[in-house]
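# 3D, please:
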Amino acid sequence: MSIAGNVPKNALASVRIDAWLWAIRAYKTRSAATAACRAGHVKVNDAAAKAAQPVVPGDTVRVRQSGYDRILLVRGLISKRVGAEAASHFFTDQTPERPAMPALGLPMRDRGAGRPTKRDRRIMDRLRGED
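Next up, the predicted model:
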């Protein structure tokens, strides 16, 4: 059942970063994970990662999504996509809390009030600071 000591036969030594990100559901498709690596949105241990770079347990992965960095600690290796609950066992999310979005304080239009008039649009722009 094991090759050497207590290591099972099917244990992975390392997994490609794009496959791991897809498997833990950070990206919907593997090609999206690969594109993120090419664009420089993925870093492994604070170094830019190519799609084929291997990850091992203990690595820190930074993924840039929606303008924020998501910090993931690799706890286990997985190369095939599984359910969300099962995938959560393979990483620890160390992302700090996002700052709360400031309330703009803009008045809301009544539902069904129709399109804003030119005067209404100018008032809304002035409130937003888009003079």
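# residue ranges for the strands of the chain, please.
Counting by DSSP state E, the chain has strands at residues 15-16, 42-44, 47-48, 54-55, 60-65, 68-74, 91-93.
# Let me have those strands in JSON lines, extended by mean neighbour count, distance to residue 26 and mean pLDDT.
Every C-beta, even on glycine, is put in place using the N, C-alpha and C of the backbone. Formatted as JSON lines, the entries for the strands of the chain read as follows, by neighbours: other Cβ atoms under 10 Å; distance: least, Cβ to Cβ, whole Å; pLDDT from 0 to 100:
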{"stretch": "strand 15-16", "mean neighbour count": "20", "distance to residue 26": "13", "mean pLDDT": "94"}
{"stretch": "strand 42-44", "mean neighbour count": "21", "distance to residue 26": "9", "mean pLDDT": "96"}
{"stretch": "strand 47-48", "mean neighbour count": "10", "distance to residue 26": "17", "mean pLDDT": "94"}
{"stretch": "strand 54-55", "mean neighbour count": "19", "distance to residue 26": "12", "mean pLDDT": "94"}
{"stretch": "strand 60-65", "mean neighbour count": "17", "distance to residue 26": "6", "mean pLDDT": "94"}
{"stretch": "strand 68-74", "mean neighbour count": "16", "distance to residue 26": "7", "mean pLDDT": "93"}
{"stretch": "strand 91-93", "mean neighbour count": "15", "distance to residue 26": "9", "mean pLDDT": "94"}
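# Would you mind giving these as CSV with distance to residue 85 added?
Shown next, in CSV, are the strands of the chain (distance: least, Cβ to Cβ, whole Å):
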stretch, distance to residue 85
strand 15-16, 20
strand 42-44, 24
strand 47-48, 31
strand 54-55, 21
strand 60-65, 20
strand 68-74, 16
strand 91-93, 13
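# Which strands or helices does the longest helix along the chain pack on?
Counting residues, the longest helix in the chain under DSSP state H turns out to be helix 118-128. With contacts defined as 3 or more Cβ pairs under 8 Å, 6 or more residues apart in numbering; DSSP states H and E, helix 118-128 has no packing partner among the helices and strands.
# Figure out how far it is from the centre of its chain.
The gap between where helix 118-128 is centred and where its chain is centred comes out at 36 Å by Cα atoms, centre = their mean, to the nearest Å.
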